[in-house]
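> next comes the sequence, and after it the predicted model I'd like to discuss.
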Amino acid sequence: MPSLATPRPLLRAIKNQVGKVRASLRSQGEALEELFQLFTSDRRHLKRFSYMNDPRLRLAYLRYHLPLNTVRSMCVLKDLLERYPAIAETEWITDIGAGPGSSTIASLLTLAPDRTRRYLLTDQSRSALRVAREIFGDCAPPEKDGIKASITTVQQKLPLLPRFQGPTLVWMSMVINEFDHPERRGIDIKGLFSRLAEKLPAGSTVVIIEPGLRQQGRRLLALHDALLESQRWQVLAPCTHQKTCPLLEESNRPWCHFHFRWQPGDLVKQVAVPLGLVYGKGSMSYLVIQPAKKSGLPGNQDPELARVIGDPMEVRRTDAGIYLCQDGKRRVFRDPPEGTTRGALLKRGRQNRDARLVAPWPGGSPEAKHPRRPRKGRRPPPQTPPEKSEAD
C-alpha cells in the first residue's frame, strides 16, 4: 500500500526552527495539546493565526500541523497532476492564507525543478510569513542553469486579494473553514470567489483544502454547488462532472473526504505519539476549480469517468462494493477492480465488467479493508469518519 512521507528537506527545516526555541520536549507536547484544543473544542477562542505569534504554539504547529498539511497538499497535487499534467508548467504559485507555507512547500517539493517558479505568500501574520521564508530557504534547491525558485511574502488579510502576474496555481489551504469564526463572519465568501474569478488570468487553477471532517466537508460541498450555480467556475477535481453534488441530498449527511497513509518522521512522532495524535494516516476534503470563461484546460464531462468516494464495504449477494460519484450521482459499484480504494479514478460503462482503474489514489487508503462475505440481508456499515486529530 503506497504512503506519503514528510519530505526530508522539510524535516531538516523544522529541526532548524526547533533549535531556535528553548523548550523541553514535554513543554512542546503540552503546547501541541493546547493548540489541538484551540482547533477543536475551544475554537471560539481562536483568532486567525494568532497562535503563530506565540513562540510556544508556533513551534507546536511547525512540529505537527505543518508536515501534516504539507503532505495533504502533496497528495492533492499529485492526484491533480495525474489528470491535468499541464498544471506542472505553471510559473506563478500563490498561497493565500499561507501561514508557514505548507502548500508552498508541497508545490516546491512536488513540481519538477525544470523551470523558474515564483511563489507569493499572503497572510495576516508577520511571524508566520517570516517563518515561511526561512523554511522555504531551507527547502529550495540551489539555482542551476538560471532556474530558481523565488519567494515574495505580503502581509495581507482576507478578503483582500493579491495581484496576479500570469497563469497561477492558487492555494487556499485550511482557509475556508475559518470563515465560520466570529471574527470572520463579515466575509462574503461568494463575493470573494466572484472577485477571484475576475482577477485570475486565463489558465489559472485554485486548490481548496479543508479538514476531512463532516462539518467542514459539507460546507465545501455547498460551496461547490454555489460556484457552479454562479457559472463563473468549473470544477476539475475531485468531481468528474459539472453537476450538483449528490451527497447534499442524502439523508445521512455524508461528505466527500479522502485519506492518505502518512510517514510523519521521528521529529513529528517525538511530540505527537505521547498525545495519541499520529496514526499513520491523514485526511482531507478538497476542491479544485478554474474560472469557467478563462479555462486553459478542457472541462471534465466524460460520463463514464467516476471518482471512488467510499471504502470497500459489504453489499448484499456479493463479496464487496464501493461508492462511486459518477455523472452527478452516487452509485454503489459491486466487485470493483483490484486496487480500487477511496479517491481512485475509474472508467466505468453501463456494465461493471467494462470498468477499469484509470488512476490510483496517490496516498493509498488506510481505511481500505477486505470485507467479510456478507450475511443475507445485512446492510452495509456506515463509513468511518476521520480521526479528530486532523482538524487543521
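On my side now, so go ahead.
> in terms of pLDDT, where does E314 sit?
With respect to pLDDT, E314 scores 75.
> would you list the phi and psi of it?
The phi and psi torsions at E314 (degrees, to the nearest 10) take the values phi -80, psi 140.
> my guess is it meets A320, correct?
Yes: checked against C-beta atoms under 8 Å, the pair E314 and A320 is within contact range at 7.2 Å. For every residue, glycine as well, the C-beta is placed using N, CA and C.
> strands paired with the lowest-mean-pLDDT helix or strand in the chain, and their directions?
Comparing every helix and strand of the chain by mean pLDDT, DSSP states H and E singles out strand 313-315 as the least confident one, with a mean of 76. The strands beside strand 313-315 in its sheet (DSSP bridges) come out as strand 318-326 (antiparallel).
> Q165 against W92, yeah?
Yes: with contact defined as C-beta under 8 Å, Q165 reaches W92; the gap is 5.7 Å.
> name the helices or strands packed onto the longest strand along the chain?
In the chain, with assignment by DSSP state E, the single longest strand is strand 281-291. Based on contacts counted as 3 or more C-beta pairs under 8 Å, 6 or more residues apart in numbering; DSSP states H and E, the elements that strand 281-291 packs against are helix 66-83, strand 205-210, helix 214-230, strand 233-237, strand 258-263.
> output those as a markdown table; include the columns mean pLDDT.
Conversion of the helices and strands packed on strand 281-291 to a markdown table gives the following (pLDDT from 0 to 100):
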| stretch | mean pLDDT |
| --- | --- |
| helix 66-83 | 97 |
| strand 205-210 | 98 |
| helix 214-230 | 95 |
| strand 233-237 | 96 |
| strand 258-263 | 94 |
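> what's the closest of these to L346?
Evaluated over those, closeness to L346 peaks at helix 66-83, with 12.8 Å, by C-beta to C-beta.
> helix or strand right after that closest one?
Going down the chain from helix 66-83, the next helix or strand is strand 92-96, by DSSP states H and E.
> how is this protein carved up into domains?
Structural domains of the chain, as assigned by automatic domain parsing, span the residue ranges 4-294, 305-380.
> can you pull up the bridge partners for V332?
When bridges are assigned using DSSP bridges, the partners listed for V332 are Y323.
> my guess is it meets Q326, correct?
No: the pair V332 and Q326 fails to qualify as a contact (C-beta under 8 Å) at a distance of 10.9 Å.
> those two: which is more packed in?
Neighbours were counted for V332 and for Q326 using other C-beta atoms under 10 Å; Q326 has more, 21 against 14.
> and the more buried one, what does it touch?
T240, H241, P303, E304, L305, A306, R307, R348 (C-beta atoms under 8 Å, 6 or more residues apart in numbering).
> touching, P55 and V18? I think so.
No: applying C-beta under 8 Å as the test, P55 and V18 come out as separate, 11.4 Å apart.
> the two: which is more packed in?
V18 (17 against 14).
> from F193, how far out is that one?
With distances defined as C-beta to C-beta, to the nearest Å, the gap from V18 to F193 amounts to 37 Å.
> now D311
In this structure, D311 lies at 31 Å from F193, with C-beta to C-beta as the measure.
> who has more neighbours out of those two?
F193 (22 against 19).
> what residues do Q165 and W92 have in common as contacts?
With the criterion set as C-beta under 8 Å, 6+ apart, the overlap between the contacts of Q165 and W92 is R118.
> what about these two, which has more around it?
Using other C-beta under 10 Å, the more surrounded residue of Q165 and W92 is W92, with 17 against 12.
> how far away is the residue nearest to that one when sequence neighbours are not counted from G282?
Setting aside the residues directly before and after it, W92 is nearest to T168 in space (C-beta to C-beta, 6 or more residues apart in numbering), at 4.2 Å. Using C-beta to C-beta, one obtains 26 Å as the distance from T168 to G282.
> I am finished for the moment; much appreciated.
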